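[1] sequence unknown, structure follows:
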């Protein structure tokens, strides 16, 4: 019966280090080249991404920026008012004291069917 062959592996640390360094360098070159080619071949896709990366305030006309900020602030205030009214409604509906208060019940119903600033204010006034 023939004897199995033995493989002798000799470890040369300098050769191993050079091979690893070469592999890392070639990998970095391959990634850089891939990104460059993708950038050159797909300019129509990259350009809109760059435009969206620029903050919108810098692209606006300086005269329209304060108007948009005011509009956003008004929307924020409206959201806060709506949240206050919703909290007041939730508290009013859950409170036994408000169940027996006809003014609170009336304005809660008015605010549910046709919400206005007046009805919101009166809900806050009568249902606390």
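    Everything's here; your move. Everything numeric here is computed off the predicted structure, so don't read it as measured data. Residues are numbered from 1 along each chain as shown.

[2] Map the structural domains onto the sequence of the chain.
    Each domain of the chain is listed here as a residue range: 11-47, 81-128, per automatic domain parsing.

[3] Can you tell me which of those is most buried?
    Most buried of these by mean neighbour count (mean count of other Cβ atoms under 10 Å) is domain 81-128; its value is a mean of 15. C-beta coordinates here come from the backbone N, C-alpha and C atoms, glycine included.

[4] about what we covered before: please produce JSON lines containing the domains of the chain, extended by distance to residue 66 and mean pLDDT.
    Listed next are the domains of the chain as JSON lines, based on distance: least, Cβ to Cβ, whole Å; pLDDT from 0 to 100:
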{"stretch": "domain 11-47", "distance to residue 66": "29", "mean pLDDT": "88"}
{"stretch": "domain 81-128", "distance to residue 66": "22", "mean pLDDT": "79"}
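
[5] do you know which of those domains lies nearest residue 5?
    domain 11-47 (19.4 Å; Cβ to Cβ).

[6] The closest one: how far from the chain's middle?
    33 Å (Cα atoms, centre = their mean, to the nearest Å).

[7] quick one on the thing from earlier: among the domains of the chain, which comes closest to residue 72?
    domain 81-128 (15.1 Å).

[8] Thought residue 109 was touching residue 126, still the case?
    No: using Cβ atoms under 8 Å, residue 126 makes no contact with residue 109, being 11.9 Å away.

[9] returning to that earlier point: for the domains of the chain, give me a markdown table that also has distance to residue 65.
    Shown next, in a markdown table, are these (distance: least, Cβ to Cβ, whole Å):
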| stretch | distance to residue 65 |
| --- | --- |
| domain 11-47 | 24 |
| domain 81-128 | 25 |
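
[10] so where do the helices sit in the protein?
    Secondary structure of the chain by DSSP state H: the helices cover 13-41, 43-53, 56-59, 65-94, 96-99, 102-113, 117-126.
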